[in-house]
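Engineer: fold the following, please.
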Amino acid sequence: DFYIIPEKLNIEGIDFFGQKISLENEVGDMQLVGNKFFENFVFTMDWANHKLFLDPIGKIPEDSEFDFPLYLNANFETNKIEIKTGVSEFLKKNKIEKGTTVTMINDIDVSKLTDEEFCEFWTSQWNEIKKKEEVELNISNNGKEKIIIITKQKITA
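Structural biologist: Have a look, this model is predicted:
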């Protein structure tokens with residue numbers, strides 16, 4: 001699977017609870033705490049000493065334990081929504097391969113949006129759609145199209 005939510009995470013003496021950690025290897029051998037994690041801090045970079053100082057802003061909320069079995073990525077160069085990765089069993093069951101793109105989300109055609117429409121869809125409409133429990137996707141790979149339903153499920157560590 002592409003990420004976990006550990007019960008507890010300790011970074012340099014700071015305890016965090018329920019934060020998503022990416023398990024993708026597309027950035028080398030590192031496992032990453034999600035970018036959303038840094039919204040909870042004022043951070044200062046000491047470039048000379050290669051250090052990052054994190055100053056928490058209030059209580060850090062836990063990430064959701066429920067999410068879709070697919071991770072969608074907006075490619076702003078091509079204006080396509082790509083299936084980046086997902087729960088391995090779901091990918092295998094639905095025969096979703098690398099290079100698969102999304103052409104429709106619920107009844108919204110996302111395959112021919114202008115730059116402005118694409119940005120608007122991804123920054124506002126998609127944020128509302130992904131709050132739902134179930135989403136219908138038309139996906140396409142190598143000219144083959146099919147409809148799949150993704151339903152939120154519990155993400156386990």
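
Engineer: quick check: residue 118 vs residue 136, distance?
Structural biologist: Distance of residue 118 to residue 136, computed by C-beta to C-beta, to the nearest Å: 20 Å. Where you see a C-beta, it was placed from the backbone N, CA and C, and this is true even at glycine.

Engineer: should've said residue 144
Structural biologist: For residue 144, the distance to residue 136 - C-beta to C-beta - is 17 Å.

Engineer: list the contacts for the residue positioned nearest the centre of the chain?
Structural biologist: In the chain, the C-alpha nearest the mean C-alpha coordinate belongs to residue 71, at 4.9 Å (C-alpha atoms, centre = their mean). Applying C-beta atoms under 8 Å, 6 or more residues apart in numbering to residue 71 gives the contacts 2, 83-86.

Engineer: in the helix or strand in which it is found, what's buried?
Structural biologist: If you go by DSSP states H and E, residue 71 is part of strand 70-75. For strand 70-75, a neighbour-count test (16 or more other C-beta atoms under 10 Å) marks 70-72, 74 as buried.

Engineer: how many residues are close by the closest residue in space to residue 141 that isn't next to it in sequence?
Structural biologist: Excluding the flanking residues, the one nearest residue 141 by C-beta to C-beta, 6 or more residues apart in numbering is residue 100, at 4.2 Å. Residue 100 is flanked by 21 other residues according to other C-beta atoms under 10 Å.

Engineer: alright, calling it a day.
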